[in-house]
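> A predicted structure for the sequence below; I have some questions about it.
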Amino acid sequence: VAFVVCRSLEGLKTFSYLEELILDNNLLGNDLLLPRLPHLHTLTLNKNQISFQRNTCKILLDHLAEVAPSLQYLSLLGNMACPNELVCKEKDEDDYQRYRYFVLHKLTNLKFLDTRKVTRREREEAVVRGAFMKVVKPK
């Protein structure tokens, strides 16, 4: 397990066999770039600055799918990208579920997202509708 508090993740490239990485509370944003970590199965990015602005979260999720093909557990709690009452009072359970479908559409190997196990039904919905589930609510 690696506990990292930093703004640059360049040194991670020397840890190609890394399996768990905790990057909570690091002010990391959607421009996060990880080296290829083929054995990484657990990544927590809680309480950073990841959001659904424009297409940047899609790009981040595509990047994670590419560099961490073994990823099974991802947590984004406390980020604007993870819509729940902890981040914004206007968000509700439906917003959170749409977020889950979108993330699961991009990261198809996940078994856990945030604190919840991925269900078979969620995986099926993610395949069918996940691409259209960006969390956007009219004002």
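On my side now, so go ahead. Numbers count the residues shown, from 1 in each chain.

> I'd say I22 and K47 touch.
No. Between I22 and K47 there is no contact, the gap being 11.2 Å when judged by Cβ atoms under 8 Å. Every residue, glycine included, has its C-beta placed from N, CA and C.

> Just list the residues touching the closest residue in space to I22 that isn't next to it in sequence, thanks.
Distances taken as Cβ to Cβ, 6 or more residues apart in numbering place T44 nearest to I22, at 4.9 Å, with adjacent residues excluded. Under the criterion of Cβ atoms under 8 Å, 6 or more residues apart in numbering, the contact list for T44 reads L21, I22, L23, D24, Y73, L74, S75.

> what mean pLDDT does the helix or strand hosting L61 have?
Secondary-structure element containing L61, defined by DSSP states H and E: helix 56-67. Mean pLDDT, taken over the full extent of helix 56-67, equals 91.

> Same check on stretch 81-101?
Averaging pLDDT along stretch 81-101 gives 79.

> returning to what we had before: could you export the contacts of T44 as JSON lines, including distance to A81, secondary structure and pLDDT?
Output for the contacts of T44, formatted as JSON lines (distance: Cβ to Cβ, whole Å; DSSP: H, G, I helix; E, B strand; the rest coil; pLDDT from 0 to 100):
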{"residue": "L21", "distance to A81": "18", "secondary structure": "strand", "pLDDT": "96"}
{"residue": "I22", "distance to A81": "18", "secondary structure": "strand", "pLDDT": "95"}
{"residue": "L23", "distance to A81": "14", "secondary structure": "coil", "pLDDT": "94"}
{"residue": "D24", "distance to A81": "14", "secondary structure": "coil", "pLDDT": "94"}
{"residue": "Y73", "distance to A81": "17", "secondary structure": "strand", "pLDDT": "98"}
{"residue": "L74", "distance to A81": "11", "secondary structure": "strand", "pLDDT": "98"}
{"residue": "S75", "distance to A81": "11", "secondary structure": "strand", "pLDDT": "97"}
